[in-house]
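Colleague: no sequence for this one, just the structure:
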């Protein structure tokens, strides 16, 4: 008798668990998953954030919110009944560039430092509730690099300064081990300057030798070169930029020389 009661209880418990699990699966399947993608753009350039939802249920309204210290703030909504509605604080700043119920996109007309962060797109589904996805916007500023040196009889100081967002990282490539110092300064626009100084105790050994300042920013590395001489001070050039300018100029000059030579040959033959 005891065994029969236990089996009956287990059978009912298993049946209810199975029904509950299937209900959850069906609910998740009908709601669908919100698909988002993070965006990284240059500061003061336009940027778009997108999200989409594939579901069998009827979507009533799409809402965009900004997360400010973890708390959501309404930015804009779209619905068939009311169309596009943008909150006063975001007018002339954003637009809903893809007004749809299953796919939505907002565009920042000109990004500012305050726009960096994460956003929610919320789909309100009839008879079900809300489903949301999170997408984040990251902003960057390309590095501005200054490389110079000061030469005297007793010392040689080489200074490399890089300003960018997110913060750049400076390293050096020199033949000898040398003392150096590094400091960082953060500015209100979100950029950070890193300044690194090399101190050579025997400057004569560095005359005519290349010193490379390597600036790493995000996933990119750029080399800047300076060759000290006894004139006192000097400045840098960027190796990639220099090569990028020099190569097309050389190709253009070569084509001009070939064209002139070909024209001269034709004239000399009386063609």
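Modeller: All right, it came through fine. Keep in mind it's a predicted model, so treat the numbers as computed, not measured.
Colleague: For the rest of this, base every contact and every neighbour count on C-alpha atoms.
Modeller: OK.
Colleague: what's the next secondary structure element after the lowest-mean-pLDDT helix or strand in the chain?
Modeller: Within the chain, no helix or strand scores below helix 2-31, which has a mean of 42 by mean pLDDT, DSSP states H and E. Counting by DSSP states H and E, the element after helix 2-31 in chain order, helix or strand, is strand 34-36.
Colleague: and that following strand, which strands flank it?
Modeller: Sheet pairing of strand 34-36 (DSSP bridges) gives strand 47-53 (antiparallel).
Colleague: longest strand of this structure?
Modeller: strand 129-151 (DSSP state E).
Colleague: Okay, buried residues for it please.
Modeller: Neighbour-count burial for strand 129-151, with 16 or more other Cα atoms under 10 Å as criterion, is recorded at 131-143, 145-151.
Colleague: Angles on the backbone of the residue nearest the centre of the chain, please.
Modeller: Taking Cα atoms, centre = their mean, the centroid of the chain lies closest to residue 40, which sits 3.2 Å from it. Main-chain torsions, residue 40, degrees, to the nearest 10: phi -130, psi 120.
Colleague: Quickly list what it is bridged to.
Modeller: residue 138.
Colleague: How about the one 10 residues further on?
Modeller: Residues in a beta bridge with residue 50, per DSSP bridges, are residue 105.
Colleague: can you give me the helices in the protein?
Modeller: In the chain, the segments counted as helices under DSSP state H are 2-31, 239-268.
Colleague: For this protein, which residues score under the pLDDT cut-off?
Modeller: 1-32, 231-251, 261, 264-271 (pLDDT under 70).
Colleague: Give me the domain ranges for it.
Modeller: Taking automatic domain parsing as the reference, the chain has its domains at 34-127, 142-244.
Colleague: Now do the closest residue to residue 158 other than its chain neighbours against residue 161, distance only.
Modeller: In space, and not counting its chain neighbours, residue 158 is closest to residue 149: 4.2 Å by Cα to Cα, 6 or more residues apart in numbering. As judged by Cα to Cα, to the nearest Å, residue 149 and residue 161 stand 12 Å apart.
Colleague: show me where the stretch 151-271 of the chain has strands.
Modeller: Secondary structure of the stretch 151-271 of the chain (DSSP state E, counting those that start in this stretch): strands at 156-165, 169-173, 179-186, 192-200, 211-217, 220-226, 233-235, 237-238.
Colleague: ok, the first one: who's next to it in the sheet?
Modeller: Strand 156-165 pairs in its sheet with strand 129-151 (antiparallel), strand 192-200 (antiparallel), by DSSP bridges.
Colleague: Present those strands as a markdown table; the columns should include distance to residue 216.
Modeller: Below are the strands paired with strand 156-165 laid out as a markdown table (distance: least, Cα to Cα, whole Å):
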| stretch | distance to residue 216 |
| --- | --- |
| strand 129-151 | 9 |
| strand 192-200 | 11 |
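Colleague: Make JSON lines from the domains of the chain and add distance to residue 259 to it.
Modeller: Output for these, formatted as JSON lines (distance: least, Cα to Cα, whole Å):
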{"stretch": "domain 34-127", "distance to residue 259": "42"}
{"stretch": "domain 142-244", "distance to residue 259": "23"}
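Colleague: Please identify which of these is closest to residue 252.
Modeller: Closest to residue 252 of the domains of the chain, according to Cα to Cα: domain 142-244, at 13.0 Å.
Colleague: and the closest one, how far from the chain's centre?
Modeller: Chain-centre distance of domain 142-244: 24 Å, with Cα atoms, centre = their mean, to the nearest Å.
Colleague: Thought residue 152 was touching residue 200, still the case?
Modeller: No - applying Cα atoms under 8 Å as the test, residue 200 and residue 152 come out as separate, 10.6 Å apart.
Colleague: who's in contact with the closest residue in space to residue 115 that isn't next to it in sequence?
Modeller: In this structure, residue 115 finds its nearest non-sequential neighbour in residue 137, 7.4 Å apart by Cα to Cα, 6+ apart. Residues in contact with residue 137, defined by Cα atoms under 8 Å, 6 or more residues apart in numbering, are 38, 39, 40, 41, 49, 115, 116, 117, 118, 119.
Colleague: What separation is there between residue 137 and residue 159?
Modeller: 34 Å.
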